[in-house]
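Student: Model the following, please.
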Amino acid sequence: MTQDKLWTRTFIVLMGVNFCSALSFYLIMVKIAEFAVDTYGLPQSVAGTTITAYVIAVPTSVGYGASLGGVGCMRGVRVFSRARAKTPLG
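Tutor: Coordinates of the predicted model:
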């Protein structure tokens with residue numbers, strides 16, 4: 001039985017790309033909070049809440065693009081608008 005290598009060239013390249021992607025994601029989070037505090041004079045608690053929403057929204061929204069492509073963009077917007085109008089905040 002032969003063992004496959006884990007540290008192949010493809011694995012190292014993909015790991016490097018994934019690391020750079022994660023690094024840029026977390027670096028931009030810091031800049032968004034700093035921008036909100038400096039530009040708009042918001043308290044740090046509001047900037048932290050903004051970053052929390054960003055951290056939750058980005059990974060959860062990754063799969064929605066493919067589903068909108070299958071449904072159709074305008075139909076997806078209509079469904080979202082109707083659902084939003086029925087909420088208490090809408």
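Student: need the strands for the protein, in chain order.
Tutor: In the chain, no strands are defined using DSSP state E.
Student: for it, longest helix please?
Tutor: Criterion DSSP state H: the longest helix present in the chain is helix 9-40.
Student: which parts of that helix are buried?
Tutor: Neighbour-count burial for helix 9-40 flags 29, 33, 36-37 (criterion: 16 or more other C-beta atoms under 10 Å). No exception for glycine: its C-beta is placed from N, CA and C like everyone else's.
Student: Stretch 51-63 too?
Tutor: For stretch 51-63, by 16+ other C-beta under 10 Å, it's I51.
Student: For that stretch, the averaged confidence score.
Tutor: Computed over stretch 51-63, the mean pLDDT rounds to 76.
Student: Then stretch 32-47?
Tutor: Stretch 32-47 comes out at a mean pLDDT of 88.
Student: Can you give me the end-to-end span of it?
Tutor: 8 Å (C-alpha to C-alpha, to the nearest Å).
Student: Tell me which residues are up against it.
Tutor: For stretch 32-47, the external contacting residues (C-beta atoms under 8 Å, 6 or more residues apart in numbering) are 48, 50-51, 54.
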